[in-house]
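S.K.: Here is a sequence together with a model predicted from it:
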Amino acid sequence: MKTEGIDIEKLITIEPSLLNDSQADALRRWFDNHISFTHDSLFSELGASSPDEVSLDRVKPDRRELDKIIMGEILGLTDEEQLEVYRAVVDLVRSRIERAKSVAKGSRISEGVDMELFTDTIVKQVKEDSGR
């Protein structure tokens, strides 16, 4: 995947200074143990191709371990809220793929992913689904 410099500024990152020692150590250990980690497609990583198929048990173990650290320990999301994030992401990616398929052959989609809209959509969905 290629990322343009202007897009890097839009990426959501974790501010290391805001992590407690336990969280920082957990992330460090994960990355040390997965130095050559390669990921598959989102659908393969989550073991689902539609939101209805998503379950925590189907998420690849390495992916789930990292997500527990980030979504659970750092962001404080419950397992149910994490499940809703997975469902929202699968739904969003599936929608983007379908949208891309509907564009005439030979056309090129020039717009990138609006990370702010992406994040807002997921947070809104999680809050709605968790009753917050």
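M.R.: Yep, it's here. Numbering: from 1, shown residues only.
S.K.: Report the secondary structure state of the residue nearest to the spatial centre of the chain.
M.R.: Most central residue of the chain, judged by C-alpha distance to the mean C-alpha position with Cα atoms, centre = their mean, is V89 at 6.4 Å. The three-state assignment at V89 reads helix, by DSSP: H, G, I helix; E, B strand; the rest coil.
S.K.: Help me confirm that it comes into contact with I122.
M.R.: Yes. At 6.6 Å, V89 and I122 qualify as touching, with contact defined as Cβ atoms under 8 Å. C-beta coordinates here come from the backbone N, C-alpha and C atoms, glycine included.
S.K.: Using PDB, list the CA coordinates for the helix or strand that contains E80.
M.R.: Counting by DSSP states H and E, the element that carries E80 is helix 79-102. Output in PDB follows, covering the C-alpha atoms of helix 79-102 (Å, rounded to 0.1, in the frame of the first residue of the first chain):
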ATOM      1  CA  ASP A  79     -16.000  -6.800  24.200                       C
ATOM      2  CA  GLU A  80     -19.500  -5.900  22.900                       C
ATOM      3  CA  GLU A  81     -18.300  -2.400  21.800                       C
ATOM      4  CA  GLN A  82     -15.300  -4.000  20.100                       C
ATOM      5  CA  LEU A  83     -17.700  -6.300  18.300                       C
ATOM      6  CA  GLU A  84     -19.700  -3.300  17.100                       C
ATOM      7  CA  VAL A  85     -16.500  -1.600  15.900                       C
ATOM      8  CA  TYR A  86     -15.700  -4.700  13.800                       C
ATOM      9  CA  ARG A  87     -19.200  -4.800  12.400                       C
ATOM     10  CA  ALA A  88     -19.100  -1.100  11.500                       C
ATOM     11  CA  VAL A  89     -15.800  -1.500   9.800                       C
ATOM     12  CA  VAL A  90     -16.900  -4.600   7.800                       C
ATOM     13  CA  ASP A  91     -20.100  -2.700   6.800                       C
ATOM     14  CA  LEU A  92     -18.100   0.400   5.800                       C
ATOM     15  CA  VAL A  93     -15.600  -1.600   3.800                       C
ATOM     16  CA  ARG A  94     -18.300  -3.700   2.100                       C
ATOM     17  CA  SER A  95     -20.100  -0.500   1.200                       C
ATOM     18  CA  ARG A  96     -17.000   1.100  -0.300                       C
ATOM     19  CA  ILE A  97     -16.300  -2.100  -2.300                       C
ATOM     20  CA  GLU A  98     -19.900  -2.100  -3.700                       C
ATOM     21  CA  ARG A  99     -19.600   1.600  -4.500                       C
ATOM     22  CA  ALA A 100     -16.400   1.000  -6.300                       C
ATOM     23  CA  LYS A 101     -17.900  -1.800  -8.300                       C
ATOM     24  CA  SER A 102     -20.800   0.500  -9.400                       C
END
